[in-house]
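Trainee: Model the following, please.
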Amino acid sequence: MGLARLLLLLVRRDLARIAARPGEALLPPAFFLLVAIVFAFALGPEPGLLARAGLAVLWVGALLASLLPVAGLFAADAADGTLDQLAVRGIAAESVALARLLAQWLALAVPLLLALPLAGALLALPLEALLAAAPRFAFGTLGLAAVALATAALMVGARGGGGLAALLAVPLALPVLVFATGGASGAAAGADRLLAAASLLLAALAPLAAGAALRLARG
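Mentor: Reported below is the predicted structural model:
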């Protein structure tokens, strides 16, 4: 079986598992909107203040939403022996991690992009800013999903998952947040290219790190 077909099968399997748990699949966009609502009330009714802080708030919400599935990304497969079965069949842990990254990215990016107009309206963001933010979210969520994937693999078998996930993920996600908000504010020339480069680099490295971590966890 070719690598492309194998990845397609693994991605379809992971997406089917996500679709089978709609409650969990809806948590990231719901949490994303909740962050927008909380900040809208906290910052008050001043439209100028909301607009200035709005995009940064949305990126913080996207980061937090990306961390919600971390605890379950690999834990169930490690517990029920799925990872061992895939390894016995000669499927590399890196391939499993890459497929899960692609599935997790789709499961994160699509709902957040659908929720983006409502979140932007809550934060009084103009339509032009939202249209400019959409492609950044498409690239940026890839980087955030990669960080979540690597964090989840490192957490397999570890205790204190939630706090550990935040400690590991937030520093790794900082380049994505910095370039995303820099491009949004116009403060940094080429920030969009840097955001795309940072996200692609994280997406390239995360399956390698996750694969190594999964092999170590399996012993």
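
Trainee: Check which helices and strands the lowest-mean-pLDDT helix or strand in the chain sits against.
Mentor: Counting by mean pLDDT, DSSP states H and E, the chain has its least confident helix or strand at helix 161-185, which shows a mean of 77. Under the contact definition 3 or more Cβ pairs under 8 Å, 6 or more residues apart in numbering; DSSP states H and E, helix 161-185 sits against helix 47-67, helix 127-155, helix 191-218. Yep, even glycine has a C-beta here, placed from its N, CA and C like the rest.

Trainee: Of the ones you listed, which stretch is the most buried?
Mentor: helix 127-155 (a mean of 23; mean count of other Cβ atoms under 10 Å).

Trainee: helices and strands around it, which ones?
Mentor: Secondary elements touching helix 127-155 (3+ Cβ pairs under 8 Å, 6+ apart): helix 47-67, helix 93-122, helix 161-185, helix 191-218.

Trainee: And the average pLDDT for it is what?
Mentor: Helix 127-155 shows a mean pLDDT of 91.

Trainee: relative orientation of it and helix 161-185 in degrees?
Mentor: For helix 127-155 against helix 161-185, the angle by axes from the mean of the first three to the mean of the last three Cα atoms, to 10 degrees is 150 degrees.

Trainee: quick check, distance from helix 127-155 to the centre of its chain.
Mentor: Taking the mean of its C-alpha atoms, helix 127-155 sits 5 Å from the chain's own mean (Cα atoms, centre = their mean, to the nearest Å).

Trainee: Also stretch 27-36?
Mentor: With Cα atoms, centre = their mean, you get 13 Å for stretch 27-36.

Trainee: Without its sequence neighbours, what residue ends up closest to the spatially most central residue of the chain?
Mentor: The residue lying closest to the centre of the chain (Cα atoms, centre = their mean) is residue 145, at 2.8 Å. Nearest non-adjacent residue to residue 145, counting by Cβ to Cβ, 6 or more residues apart in numbering: residue 105, 4.2 Å away.

Trainee: what's the distance between the residue nearest to the centre of the chain and residue 195?
Mentor: As for residue 145, its distance to residue 195 is 14 Å (criterion: Cβ to Cβ, to the nearest Å).

Trainee: swap in residue 86?
Mentor: 33 Å.

Trainee: swap in residue 75?
Mentor: 30 Å.

Trainee: Check residue 173 too.
Mentor: From residue 173 to residue 195 the distance is 12 Å (Cβ to Cβ).

Trainee: Residue 168 against residue 152, yeah?
Mentor: No. Using Cβ atoms under 8 Å, residue 168 is not in contact with residue 152; the gap is 9.6 Å.

Trainee: Find the residues that touch each one of these two.
Mentor: Shared contacts of residue 168 and residue 152 (Cβ atoms under 8 Å, 6 or more residues apart in numbering): none.

Trainee: Torsion angles phi and psi at residue 20?
Mentor: phi -70, psi -10 (degrees, to the nearest 10).
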